[in-house]
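Enquirer: Provided below for reference: sequence and predicted model.
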Amino acid sequence: MAFSSSNGSEESEMYHAQIHLYKHVYNFVSAMALKSVMELGIADIIHNNGKPITLSELASSLKLHPSKISVLHRFLRLLTHNGFFAKTKVQEEEAYVLTPPSKLLITTKPTCLAPIVKGALHSSSLDMWHSSKKWFTEDKGLTLYETATNESFWAFLNGNHDSLIMFQEAMAADSHMFKLALKECKHVFENLESLVDVGGGIGGVTKLINEAFPHMKCIVFDQPQVVANCSGNENLSFVGGDMFKSIPSADAVLLKWVLHDWNDELSLKILKNCKEAISHKGKKGKVIIIDIAIDEESDDPELTELKLDYDLVMLTMFNGKERGKKEWENLIYEAGFSNYKITPICGFKSLIEVYP
Ligand SMILES: C[S@@+](CC[C@H](N)C(=O)[O-])C[C@H]1O[C@@H](n2cnc3c(N)ncnc32)[C@H](O)[C@@H]1O
Ligand SMILES: O=C1c2ccc(O)cc2O[C@@H](O)[C@@H]1c1ccc(O)cc1
């Protein structure tokens, strides 16, 4: 938003500033309206309808109380304005269709990101923000999450089976986007006989790699409680362990959305263990990192804002961070690697090939 008005009056500048502030105060409304629409399953209803759906058809499909039809209309008005739905006419009546972002909420599609909306906007992810003043004024070396709840987010997940499942399902959902990216970066995985996906969760990414390269021996390595009920196949196995202690050997180690959960000191420890894991039998393999790389100069401001939002989420939940290109370089060289290559993938992440 431009703050200097054409006539340059102080009042006009103040009015613009006011709009800017209010808009940011109410940013949460779009997020929460999106969450409501996701919980109601509106994308599935419109998708299953097979043609544009009128408000009354949608309300009857949702079995809404008549008093809530106008409420639904107002939710859809905001989300249509924000690009989540589009409007058309069916026999002179207004009807809604899905747009590319709301198609990502269709639960029968593998590309469904509803689990991310559910997890990221769950009260267990949001409530901590009310403790930020306390966090800022203390120096106990705690995350905001720990300040608010007296436990780490990892401990919370480990003590709450439903939340652990919710988190792992969100991670697996995000991984499906990687199927598209795999077409562009197939060469990165070609000629590898084995790969270990460190912090691989319930195997979202590795299952895609296993489909594309069925002869590659793949291990999903994660905490024992995460992989306990996972089953693989001849070339896909699940191993429980601690990446801070040791990592199974392989030609390549994959780290997707792992290093941003940790500060530099702990990320270095993980990377050094990865270097050890790819240096077996005199071989020199590679580490493949999939994470965000902040690039304020080249990225458009909307993309940078998303990356900076993620940086604060990682900071507050885990004491982690999103890194810029120079920060990645420093971390990679400090861990004892000699070369690396960054390629943007999946819209807002990057694939970083790292060589000993
Ligand atoms: C943000 S998730 C990423 C999951 C997966 N790579 C993905 O992108 O879908 C981070 C993962 O690191 C795992 N993790 C945390 N601490 C770990 C440890 N000490 N050893 C192994 N895995 C760990 C978590 O259980 C979680 O599955
Ligand atoms: O999207 C989320 C995310 C993504 C990557 C990561 O390493 C950690 C994450 O934690 C939150 O920021 C957020 C999320 C939180 C809780 C949940 O059940 C799912 C996602």
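Expert: Noted; the coordinates are in hand. Ligands and ions are numbered 1, 2, ... in the order given.
Enquirer: return the alpha-carbon coordinates of stretch 34-52 using PDB.
Expert: Extracted in PDB, the C-alpha atoms of stretch 34-52 (Å, rounded to 0.1, in the frame of the first residue of the first chain):
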ATOM      1  CA  LEU A  34     -11.100 -20.700   5.200                       C
ATOM      2  CA  LYS A  35     -10.900 -23.100   8.100                       C
ATOM      3  CA  SER A  36     -14.700 -23.000   8.600                       C
ATOM      4  CA  VAL A  37     -15.200 -23.700   4.900                       C
ATOM      5  CA  MET A  38     -12.700 -26.600   5.100                       C
ATOM      6  CA  GLU A  39     -14.400 -28.100   8.200                       C
ATOM      7  CA  LEU A  40     -17.800 -27.900   6.500                       C
ATOM      8  CA  GLY A  41     -16.400 -29.700   3.500                       C
ATOM      9  CA  ILE A  42     -17.700 -27.100   1.000                       C
ATOM     10  CA  ALA A  43     -15.000 -27.800  -1.600                       C
ATOM     11  CA  ASP A  44     -16.100 -31.500  -1.700                       C
ATOM     12  CA  ILE A  45     -19.800 -30.500  -2.100                       C
ATOM     13  CA  ILE A  46     -19.100 -28.200  -5.000                       C
ATOM     14  CA  HIS A  47     -16.700 -30.700  -6.600                       C
ATOM     15  CA  ASN A  48     -19.200 -33.600  -6.200                       C
ATOM     16  CA  ASN A  49     -22.000 -31.400  -7.600                       C
ATOM     17  CA  GLY A  50     -20.200 -31.500 -11.000                       C
ATOM     18  CA  LYS A  51     -21.600 -28.000 -11.900                       C
ATOM     19  CA  PRO A  52     -21.800 -24.600 -10.300                       C
END
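Enquirer: surely H122 and E169 touch.
Expert: No: using Cβ atoms under 8 Å, H122 is not in contact with E169, being 11.8 Å away. For glycine as for every other residue, the C-beta is placed from the backbone atoms N, C-alpha and C.
Enquirer: more neighbours, those two?
Expert: E169 (18 against 15; other Cβ atoms under 10 Å).
Enquirer: host element of the nearest residue to that one once chain neighbours are set aside?
Expert: Closest residue to E169 apart from its sequence neighbours, by Cβ to Cβ, 6 or more residues apart in numbering: P115 at 4.4 Å. Per DSSP states H and E: P115 is located in helix 114-120.
Enquirer: which other helices and strands contact that helix?
Expert: helix 27-40, helix 161-175 (3 or more Cβ pairs under 8 Å, 6 or more residues apart in numbering; DSSP states H and E).
Enquirer: quick one: average confidence on the next helix or strand after that helix?
Expert: Helices and strands here follow DSSP H and E; after helix 114-120, the next one along the chain is helix 123-126. The average pLDDT for helix 123-126 rounds to 98.
Enquirer: close to ligand 1, is helix 123-126?
Expert: No: against ligand 1, helix 123-126 shows no contacts by Cβ under 6 Å from any ligand atom, the least distance being 12.6 Å.
Enquirer: immediately after that helix, which helix or strand?
Expert: Past helix 123-126, the next helix or strand by DSSP H and E is helix 132-137.
Enquirer: for that next one, buried residues please.
Expert: W135 (16 or more other Cβ atoms under 10 Å).
Enquirer: contact partners of it?
Expert: L142, L144, T147, A148, T316 (Cβ atoms under 8 Å, 6 or more residues apart in numbering).
Enquirer: could you do stretch 227-241 as well?
Expert: With Cβ under 8 Å, 6+ apart, stretch 227-241 has contacts from 202-203, 206-207, 210, 214-226, 247-248.
Enquirer: is K341 in a bridge, and if so with what?
Expert: Using DSSP bridges, the bridge partners assigned to K341 are E353.
Enquirer: interface residues of the stretch 101-250 of the chain facing ligand 1?
Expert: For the stretch 101-250 of the chain, the residues in contact with ligand 1 (Cβ under 6 Å from any ligand atom) are 171-172, 174-175, 199-201, 204-205, 222-223, 226, 242-244.
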